[in-house]
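Undergrad: Return a 3D structure for these sequence lines:
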Amino acid sequence: MIKYLIIDDEHIAHDIIKGYCDMLPNLVLQKNCYDAIEALEYLHERTVDLIFLDLKMPKLKGFDFLKTLPSPPSVIVTTAYQEFALEGYELNVVDYLLKPFSFERFVKAVNKAMGASAPSRAPKNVQAGNQSATIFLRSENKYIQVRIADILFLEAAGNFVKVITREESILVRDTFAVLLNALPPEDFLQVHRSFAIAPKHIKSIEGNQISIGDHSVPIGKMYKTYINGLLG
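TA: Numbers count the residues shown, from 1 in each chain. Below you'll find the predicted structure:
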């Protein structure tokens, strides 16, 4: 379960964000905060995994609030002002959503918070890969939550990407580059212009083919030297 706060002085923003979250599994609202002081009081005794943070609010601005947190959770900015985006990324926010934002754009931001950003905060001596991290994949008219550790490889297919897991093949409407960037770089390796694999699932490598699960994935010419280097 991902516990989250909404901090925004506009009631309609709360309705939209909660409505989007209710369409996704495992997101649990902890509190609606209508200013940052209310959020500080809540976080004084409790923790959350994710904050949806507005910037221009009375009493205390969003980034001023964020700077007071000694160990902030993942933060997705939701604002109508694009001029603060650079400062946001300097403060390590996960994503910066400009109002009004679509549900599809919202899901991408949540995916970053749940999947890609979590492993980067892991200690270096921990084995790469957060076993519980998940990502939402859009397939046709629904979003499917997938454990990142279960993904064997990605295959580009025009304007779609095939995501092959231990149990199924999911056709996702997204570009290969965008989806690969949403996954933890420690856990995935591009081996061909159209393929990226999870190295921990490799069974064998023979010639220009990687055996992974019950599948065979080609190694591109420009990636061959790099793969050989990994093998020593």
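Undergrad: For Val110, see how far away the residue nearest to Leu60 when sequence neighbours are not counted is.
TA: Of all residues not flanking Leu60 in the chain, Ala36 sits nearest, at 3.9 Å (C-beta to C-beta, 6 or more residues apart in numbering). Where you see a C-beta, it was placed from the backbone N, CA and C, and this is true even at glycine. Using C-beta to C-beta, to the nearest Å, Ala36 is found at 22 Å from Val110.
Undergrad: ok, now Ile202?
TA: Going from Ile202 to Val110 by C-beta to C-beta gives 30 Å.
Undergrad: And the pLDDT at the most centrally placed residue in the chain?
TA: With distances taken as C-alpha atoms, centre = their mean, the residue of the chain nearest its centroid is Lys112 (1.8 Å). Predicted confidence (pLDDT) for Lys112: 81.
Undergrad: Just confirm it is within a strand.
TA: No: applying DSSP: H, G, I helix; E, B strand; the rest coil, one finds Lys112 to be helix, outside a strand.
Undergrad: Enumerate every residue touching it.
TA: Lys112 is in contact with Ile76, Val94, Asp95, Ala182, counting by C-beta atoms under 8 Å, 6 or more residues apart in numbering.
Undergrad: Likewise for Val163?
TA: Residues in contact with Val163 (C-beta under 8 Å, 6+ apart) are Leu137, Val146, Ile151, Leu154, Ser169, Ile170, Leu171, Val172, Leu179.
Undergrad: what's the burial count for the last one?
TA: It refers to Leu179. Number of residues near Leu179 (other C-beta atoms under 10 Å) recorded here: 23.
Undergrad: now do the fifth one
TA: A count of nearby residues for Ser169, using other C-beta under 10 Å, gives 11.
Undergrad: Which residue comes closest to it once chain neighbours are left out?
TA: Distances taken as C-beta to C-beta, 6+ apart place Lys162 nearest to Ser169, at 5.8 Å, with adjacent residues excluded.
Undergrad: Quick check: pLDDT value at the one you found.
TA: Lys162 is given a pLDDT of 94.
Undergrad: Quick one: distance of the helix or strand containing it to the chain centre.
TA: In the assignment (DSSP states H and E), Lys162 maps to strand 160-165. Distance, stretch centre to chain centre, for strand 160-165: 16 Å (C-alpha atoms, centre = their mean, to the nearest Å).
Undergrad: what do you get for stretch 139-157?
TA: Centroid separation for stretch 139-157 versus its chain: 13 Å, with C-alpha atoms, centre = their mean.
Undergrad: likewise stretch 184-196?
TA: 16 Å.
Undergrad: Model confidence at the closest residue to Thr47 other than its chain neighbours, what's the number?
TA: Residue nearest to Thr47 in three dimensions, not counting chain neighbours: Pro73, with 7.1 Å by C-beta to C-beta, 6+ apart. Looking at Pro73, its pLDDT is 91.
Undergrad: now Pro73: how far from Ala133?
TA: Counting by C-beta to C-beta - Pro73 and Ala133 are separated by 15 Å.
Undergrad: ditto for Phe160
TA: 23 Å.
Undergrad: So what's the model's average confidence on stretch 179-195?
TA: 86.
Undergrad: residues of that stretch that come out buried?
TA: For stretch 179-195, a neighbour-count test (16 or more other C-beta atoms under 10 Å) marks 179-180, 182-184, 186-192, 194-195 as buried.
Undergrad: ditto for stretch 145-158
TA: Going by 16+ other C-beta under 10 Å, stretch 145-158 has these buried residues: Val146, Ile148, Ala149, Asp150, Ile151, Leu152, Phe153, Leu154, Glu155, Ala156.
Undergrad: which two from those end up farthest apart in space?
TA: Spanning the widest gap among these are Ala149 and Ala156, at 21.8 Å by C-beta to C-beta.
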